[in-house]
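Asker: sequence plus predicted model, see below.
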Amino acid sequence: MMNFWQTLALVLVVEGVVWALFPTAMRRLAARAAETEEGALRYGGLAFAVTGVVVVWLLRG
């Protein structure tokens, strides 16, 4: 369970750094996401989730 919390904390760090370094680009990206159809966002989220599971599975062997 500790790995889960460490991973979640690392995600927050990476996202925070991206927002701190590129606020204008991130604002534009968020505005574009708000205009994107819900189905496309769901498909993209699912694709990233499946990719993440596969990568973790491969790394953990």
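Answerer: Great, that's in hand.
Asker: state the mean pLDDT of the longest helix seen in the chain.
Answerer: For the chain, the helix that runs over the most residues, judged by DSSP state H, is helix 38-60. pLDDT averaged over helix 38-60 equals 94, rounded to a whole number.
Asker: what is that helix packed up against?
Answerer: In terms of contacts (3 or more Cβ pairs under 8 Å, 6 or more residues apart in numbering; DSSP states H and E), helix 38-60 is not packed against any helix or strand. In short, each C-beta sits where N, CA and C put it, glycine included.
Asker: for that helix, buried residues please.
Answerer: Neighbour counts over helix 38-60 (16 or more other Cβ atoms under 10 Å) mark no residue as buried.
Asker: with just CA atoms, put that helix into CSV.
Answerer: Only the C-alpha atoms of helix 38-60 are listed here, as CSV (Å, rounded to 0.1, in the frame of the first residue of the first chain):
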residue,chain,number,x,y,z
GLU,A,38,-16.7,13.6,-23.3
GLY,A,39,-16.3,10.3,-25.3
ALA,A,40,-12.8,11.3,-26.5
LEU,A,41,-11.7,12.2,-23.0
ARG,A,42,-13.0,8.9,-21.7
TYR,A,43,-11.3,6.9,-24.4
GLY,A,44,-8.0,8.8,-23.8
GLY,A,45,-8.3,8.3,-20.1
LEU,A,46,-8.9,4.6,-20.6
ALA,A,47,-6.0,4.3,-23.0
PHE,A,48,-3.6,5.9,-20.5
ALA,A,49,-4.9,3.8,-17.6
VAL,A,50,-4.4,0.5,-19.6
THR,A,51,-1.0,1.7,-20.7
GLY,A,52,-0.1,2.4,-17.1
VAL,A,53,-1.2,-1.0,-15.9
VAL,A,54,0.8,-2.7,-18.7
VAL,A,55,3.9,-0.8,-17.8
VAL,A,56,3.6,-1.5,-14.1
TRP,A,57,2.9,-5.2,-14.9
LEU,A,58,6.1,-5.3,-17.1
LEU,A,59,8.2,-3.6,-14.5
ARG,A,60,7.1,-5.8,-11.7
